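In: one predicted model, sequence on top.
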Amino acid sequence: MVGDPAGPRPGPVYELSLRPPDRAVLERLNGLGFNIGHVTPEAASIFATASEYEYLISQGYAVTLESVQPSPPDFSGVAARGLGVYHSYATLTSELQAYAAAYPGITRRISLGQSVQGRHLWALLITDNPLVDEEEPEFKYVSTMHGDEPVGTEMCLYFINHLLTNYGVDADITDLVNETAIWIVPLMNPDGLELGSRFNANGYDLNRSFPDYPADYSFNIWNGAPNLDGLQPEVLHLMTWSLAHSFVLSANFHTGAVVANYPYDADPPIPSYTPAPTPDHALFRDLAAAYASNNAPMFANNLPPFVNGTVNGNDWYIVQGGMQDWMYRYLGNAEITVELSTPKKPAQSLLPTYWNNNRASMLAYLEWVHRGVRGVATDLDTGDPVYPAITVSGNSQPVFPDADMGDYYRLLRPGTYDLHFDAVGYDPLTVQGVVVTTGAATQVDVQMTRATNLQGAGPAACVVLAALLAIWGAAISRRDKPSTR
Ligand SMILES: [Zn+2]
């Protein structure tokens, strides 16, 4: 039998544990298309259909049934909104609406689009001048793409409350809100939350459903459009929204372990259970450490292969079609995956403790968005924004400016760098010896000269970027209006 880790898995899904989590066995099951979740030294989780479960039993695999999904949570006791309670889709919706209404000067609530069953994927923007696109780095926290892992939704709500109630009170938080476009998507898989399922309502694992390398993956936005065929709606909404906003840094939240996991989750042909480093491996280790080192239980987690609460995704277990790899490879958006709690849904009474453990981490990680190099690329003659791919010597991963303002941000560790700017129709430009410190980003504005010989200019395929932005931008600007629902 050959399935697909992404799905679909319609009907009942059996959550199984495999003890011990033999790596060769997991490798074989992954190759057969099983959906494998968290791997610990004691056990691995497998989410299987009835026929997959039967297959495992018939082949003599040592699997134990843990639970059957969907198993809808009881939301009857959570009619009230507030912090420290698990929210339903309805109470989350009214919570975000209330925050947007109470803080109109520094928030904007939008819907990224609707789920399979028509629920909104809400996003709350927190920044000064929330209706104006400013020259500021854009940041996002996204939670609960697995509907049965709801702790991050609650951490997002605590975080929203913390930023809003401390704005104008705490100088550091006021500065962060003034100087950053902070987007929070507390619930990426609302159908899964309501159904009590890891998957979306079509039976797909959203963290296995992004375009993947190398099968249908165009490497990055410079090289062309991603293949949008057959994508799950929740995945498509995250992709189009992320493209429009040129996010610099982000994290997405899960549960089932306590660790900050960084890319790559997969980089074929590198085998599972070995590190799959990105061109920004050292940077990602710093980013994951920024989160983990501020969370005492996470920092203390040194269960192999974790190191001080951090791990390279592929070194832990291979995940193909994951969100963080797509965000980084395709958009140059540095993203990590944070696992918040060992139980997938710990007791509600523990939520304040989880918030105490994650508050400093969520702030410290966000603050990283202001490091490295930043600037604006403009046309020497007209002053109009130019949209180059920006690379650093010795590093193949480009970043791309914001489509509206032409402002760009390149996260970098302290050091001295040569920056390259390549835009279609313009002469390539190099800025040498840019010094980066641990402090605020170094400003490097560039003026680019129109190429006299277009043959010699940047990759022709970059034209696709303009077309993509036009099409997706129109769709997104229609949707980007403040919503009252
Ligand atoms: Zn998860």
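Out: Nice, thanks for sending it over.
In: pull the number of nearby residues for the nearest residue to residue 379 once chain neighbours are set aside.
Out: The shortest distance from residue 379 to any non-neighbouring residue, by C-beta to C-beta, 6 or more residues apart in numbering, is to residue 386 (5.5 Å). Just so you know, the C-beta spots here come from the backbone N, C-alpha and C atoms, and that holds for glycine as well. As a burial measure, residue 386 scores 23 neighbours (other C-beta atoms under 10 Å).
In: quick check, residue 386 in contact with residue 423.
Out: Yes: the pair residue 386 / residue 423 is scored as a contact, 4.9 Å apart, by C-beta atoms under 8 Å.
In: need the residues touching each of those two.
Out: Residues touching both residue 386 and residue 423 (C-beta atoms under 8 Å, 6 or more residues apart in numbering): 377, 448.
In: low-confidence stretches in the stretch 101-250 of the chain?
Out: Residue ranges of the stretch 101-250 of the chain with pLDDT under 70: 213-219, 222-227.
In: ok, the residue nearest to residue 379 - contacts?
Out: Per C-beta under 8 Å, 6+ apart, neighbours of residue 386: 377, 378, 379, 401, 406, 423, 426, 448.
In: for it, phi and psi?
Out: Here is the backbone geometry of residue 386 (degrees, to the nearest 10): phi -120, psi 150.
In: switch to numbering from 48
Out: Sure thing, new numbering starts at 48, so read that last one as residue 433.
In: what's the pLDDT at it?
Out: Residue 433 carries a pLDDT value of 89.
In: same question, residue 531
Out: 35.
In: partners of the closest residue to the ion within the stretch 348-497 of the chain in the sheet?
Out: Going by C-beta to the ion, the ion is nearest to residue 386 of the stretch 348-497 of the chain, at 7.5 Å. Beta bridges link residue 386 to residue 301, residue 306, judged by DSSP bridges.
In: now residue 425
Out: Beta-bridge partners of residue 425, as defined by DSSP bridges: residue 432, residue 494.
In: report the buried residues of stretch 458-475.
Out: 458, 459, 464, 466, 467, 468, 469, 470, 471, 473, 474 (16 or more other C-beta atoms under 10 Å).
In: please apply the same query to stretch 162-176.
Out: Neighbour counts over stretch 162-176 (16+ other C-beta under 10 Å) mark 162, 163, 166, 167, 168, 169, 170, 171, 172, 173, 174, 175 as buried.
In: separation between the second one and residue 185?
Out: Residue 163 sits at a distance of 27 Å from residue 185 (criterion: C-beta to C-beta, to the nearest Å).
In: cool, the fifth one as well?
Out: The spacing between residue 168 and residue 185, counted by C-beta to C-beta, is 17 Å.
In: one more: the third one?
Out: Counting by C-beta to C-beta, the gap from residue 166 to residue 185 is 24 Å.
In: check the last one too.
Out: Applying C-beta to C-beta, one obtains 14 Å for the distance of residue 175 from residue 185.
In: likewise for the first one?
Out: Taking C-beta to C-beta as the measure, residue 162 falls 23 Å from residue 185.
In: what's the helix or strand for residue 400?
Out: Assigned by DSSP states H and E, residue 400 belongs to helix 398-414.
In: look up phi and psi at the residue nearest to residue 178 when sequence neighbours are not counted.
Out: Among residues not flanking residue 178 along the chain, residue 155 sits closest, at 6.5 Å (C-beta to C-beta, 6+ apart). As for residue 155, its main-chain torsions (degrees, to the nearest 10) stand at phi -150, psi 130.
In: please identify the helix or strand for residue 170.
Out: strand 167-173.
In: how far does that strand sit from its chain's centre?
Out: Relative to its chain's centre, strand 167-173 lies at 14 Å (C-alpha atoms, centre = their mean, to the nearest Å).
In: sheet partners, orientation included, of that strand?
Out: Sheet pairing for strand 167-173, assigned by DSSP bridges, gives strand 154-161 (antiparallel), strand 228-232 (antiparallel).
In: who's in contact with that strand?
Out: Contacts of strand 167-173 (C-beta under 8 Å, 6+ apart): 139-140, 143, 146-147, 153-162, 207, 210-211, 224, 228-235, 237, 281, 284-285, 288, 530, 532.
In: which parts of this protein are helices?
Out: 70-78, 97-105, 136-149, 198-213, 218-226, 237-242, 280-292, 328-339, 343-346, 360-363, 370-378, 398-414, 510-526 (DSSP state H).
In: and the angle for the fourth one with strand 228-232?
Out: So that's helix 198-213. 140 degrees (axes from the mean of the first three to the mean of the last three C-alpha atoms, to 10 degrees).
In: buried set for helix 198-213?
Out: Neighbour-count burial for helix 198-213 [16+ other C-beta under 10 Å]: 198-207, 209-211.
In: so which elements touch that helix?
Out: Using 3 or more C-beta pairs under 8 Å, 6 or more residues apart in numbering; DSSP states H and E as the contact definition, the elements that helix 198-213 packs against are helix 136-149, strand 167-173, strand 185-190, helix 218-226, strand 228-232, strand 296-301, helix 398-414.
In: same list (the ones you listed) but as CSV, adding distance to residue 361.
Out: Conversion of these to CSV gives the following (distance: least, C-beta to C-beta, whole Å):
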stretch, distance to residue 361
helix 136-149, 33
strand 167-173, 28
strand 185-190, 21
helix 218-226, 32
strand 228-232, 25
strand 296-301, 16
helix 398-414, 21
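In: which of these sits closest to residue 70?
Out: In terms of C-beta to C-beta, the element of the helices and strands packed on helix 198-213 nearest to residue 70 is strand 296-301, at 21.4 Å.
In: now the closest one and helix 398-414, what's the angle there?
Out: 160 degrees.
In: between strand 296-301 and helix 328-339, how many degrees?
Out: 60 degrees.
In: next one: strand 296-301 to chain centre, how far?
Out: Taking mean C-alpha positions (C-alpha atoms, centre = their mean), strand 296-301 and its chain are 4 Å apart.
In: that'll do, ta.
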